[in-house]
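1. how would this look folded up:
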Amino acid sequence: MGRTLDFLPVTSADHRRWVERRLPRFLFDYIDGGANDELTLAANLEAFRRLGLRQRVLRDVSAVDTTTTLAGEPAAMPLALAPVGLAGLMARRGEVLGVRAAEAAGIPFTLSTVGICSLREVRAAAAKPFWFQLYMLRDRTAVRRLLDGAAEAGCTTLVFTVDLAVAGLRQRDVRNGMLDGGLRGKLFRAGQILRRPGWILNVGLRGGPHHFGSLVDLVAVPTDIQASRVWMGTQFDPGVTLKDIAWLRGIWKGRLLLKGILEPEDASAAVEVGADGVIVSNHGGRQLDSVAPSLAKLPGVVQAVAGRAEVLLDGGVRSGLDVFKAVALGARGVLIGRPWVWALAGSGQSGLEDLLGTFRKELAVAMALCGVNRIGEVGPELLEVLEAAPPWPAAGA
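-> Predicted coordinates for the structure are as follows:
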């Protein structure tokens, strides 16, 4: 099972180190890795490190309040759990644990189209509506069925991913055999799994069924997750345009957020066809390598949208301090992906709840020491650009 670590995980980086010794390599790499040389993955983190905070003193900060609203719903802090595919392979029924932890923390949870747990299963575990993430599939009938399922599950917000016209090249997934559907790949993955007996018992044997829960009615062999991944790969539609967004807007009655926007012109166009919000995101560095960090693109998008829709940010957020920085640059809130899965995979629901508690405490302390009491008071005047980023762990941390 690997050498036991001599600390209890607290931060995102702690949880990453913790879970690296608990997940089979191909699953850890799937969450941890980025596209090509992972330059954008590193740049997402570097962008936050280069922003400093201005500490303000002699201010009355006796009533710090981190609450806000996201997509029209109250949230305990400006943070939501991003959609992460295969989360149910990282922890036993991972999406169910994720929605429960999010509810305990008072923040939104987003279920991925390619989550292991189905819309129905997550709805049964949830006490209130959650968000659903959608890819535009070539089969528009399948899209309608997914939207119907989301509506039946009580989802109020649809997160539509627009930056996956084609899948990015994630070389880690090639090196570890995850993309090899042949005998060699199966044997390679089996060897990695056998080194993680804890995962075998908790997730492999007790965590089934292992398939894309919301797609079981759409794929020929839903019990074969590799075959389902191949089918999903054929369904990504490189021909999606603004007309398709308008079509989607016409049939989805809830809130619509477009995820994967980086350029101001694209943000304006999204709002013009009916998006209620945009999520500034480069897919966590998992799609186009060498594209700019999300944080660097945030101010331009905020200016272009000009209050006509909410602007959220995804990519590189690892702490409550990062949440503060994104809000100061104009984001309504942020989404986190890797950190919540690291915590869940290594320490279960309680570990994720602890991490979210750490985020909120870090945010509250930053607010107090920068002299503000409300999220609405956090602005760019509380930031400064550092000449050089401080020393930090490796890119994935």
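2. CA atoms for contacts and neighbours, from now on please.
-> Will do.
3. residues in contact with P238?
-> With contacts defined as CA atoms under 8 Å, 6 or more residues apart in numbering, the neighbours of P238 are 164-166.
4. With secondary structure, distance to G149 and pLDDT added, can I get those residues in CSV?
-> Conversion of the contacts of P238 to CSV gives the following (DSSP: H, G, I helix; E, B strand; the rest coil; distance: CA to CA, whole Å; pLDDT from 0 to 100):
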residue, secondary structure, distance to G149, pLDDT
L164, coil, 22, 90
A165, coil, 24, 88
V166, coil, 25, 89
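5. where exactly do the helices run in the stretch 251-397 of the chain?
-> Ranges of helices in the stretch 251-397 of the chain, per DSSP state H, counting those that start in this stretch, are 264-272, 294-305, 320-328, 338-369.
6. List the buried residues in the last one.
-> It stands for helix 338-369. For helix 338-369, the buried set under the neighbour-count rule, 16 or more other CA atoms under 10 Å, comprises 338-349, 351-369.
7. Distance check, S118 against I279.
-> Taking CA to CA, to the nearest Å as the measure, S118 falls 24 Å from I279.
8. So between those two, which is more surrounded?
-> Here S118 and I279 are set side by side on neighbour count (other CA atoms under 10 Å), and the busier one is I279, at 29 against 24.
9. lowest average confidence, helix or strand, in this protein?
-> The element with the least model confidence among the helices and strands of the chain, by mean pLDDT, DSSP states H and E, is helix 225-235, at a mean of 73.
10. Spatially nearest residue to G254 (excluding sequence neighbours)?
-> Sequence neighbours aside, T156 is the residue nearest to G254 in space, at 5.1 Å (criterion: CA to CA, 6 or more residues apart in numbering).
11. Show me what the longest strand seen in the chain is packed up against.
-> Among the elements of the chain assigned as strand by DSSP state E, the one spanning the most residues is strand 255-261. Contacting strand 255-261 under the criterion 3 or more CA pairs under 8 Å, 6 or more residues apart in numbering; DSSP states H and E are the following elements: strand 157-161, strand 277-281.
12. Comparing the ones you listed, which stretch has the densest surroundings?
-> Of all the helices and strands packed on strand 255-261, strand 277-281 carries the top mean neighbour count, a mean of 28, counting by mean count of other CA atoms under 10 Å.
13. what about the chain, any weak spots by pLDDT?
-> In the prediction, the chain carries residues with pLDDT under 70 at positions 1-5, 220-223, 227, 388-397.
14. At which residues are the strands of it located?
-> When secondary structure is read from DSSP E, the chain shows strands at 51-53, 68-70, 73-75, 79-81, 110-111, 131-135, 157-161, 255-261, 277-281, 310-314, 333-336, 383-385.
15. if we can go back for a sec, and the angle from the longest strand of the chain to helix 264-272?
-> Computed by axes from the mean of the first three to the mean of the last three CA atoms, to 10 degrees, the angle separating strand 255-261 from helix 264-272 equals 170 degrees.
16. strand partners of strand 255-261, parallel vs antiparallel please.
-> For strand 255-261, sheet partners with direction are given as strand 157-161 (parallel), strand 277-281 (parallel), following DSSP bridges.
17. can I get the strands of the chain in CSV with distance to N36?
-> Listed next are those as CSV, based on distance: least, CA to CA, whole Å:
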stretch, distance to N36
strand 51-53, 26
strand 68-70, 33
strand 73-75, 36
strand 79-81, 25
strand 110-111, 26
strand 131-135, 22
strand 157-161, 20
strand 255-261, 18
strand 277-281, 17
strand 310-314, 20
strand 333-336, 21
strand 383-385, 28
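18. which one of these lies closest to H211?
-> Evaluated over those, closeness to H211 peaks at strand 110-111, with 14.3 Å, by CA to CA.
19. From the contact counts, what lies against the closest one?
-> Packed against strand 110-111 by the contact rule (3+ CA pairs under 8 Å, 6+ apart) you find strand 131-135.
20. Provide the angle between the direction of the strand it packs on and the direction of strand 255-261.
-> Following the same axes, to 10 degrees, one obtains 50 degrees for the angle between strand 131-135 and strand 255-261.
21. What is the burial count for R206?
-> A count of nearby residues for R206, using other CA under 10 Å, gives 12.
22. what separates K297 from L313, distance-wise?
-> 10 Å.
23. Spit out the residues that contact those two alike.
-> With CA under 8 Å, 6+ apart applied, the overlap between the contact sets of K297 and L313 consists of V280.
24. which of these two has more neighbours?
-> Between K297 and L313, counting by other CA under 10 Å, L313 is the more crowded of the two (30 against 18).
25. List the contacts of that one.
-> Residues in contact with L313 (CA under 8 Å, 6+ apart) are 279-281, 294-295, 298, 326, 331, 333-335.
26. Please name the bridge partners of it.
-> In this structure, L313 has beta-bridge partners V280, V334, where bridges are defined by DSSP bridges.
27. Distance check, it against L321.
-> For L313, the distance to L321 (CA to CA) stands at 14 Å.
28. How about the residue of the chain most remote from its centre: what's its closest non-neighbour residue?
-> Going by CA atoms, centre = their mean, the residue of the chain most distant from its centre is L58, 37.2 Å out. Nearest non-adjacent residue to L58, counting by CA to CA, 6+ apart: G371, 7.8 Å away.
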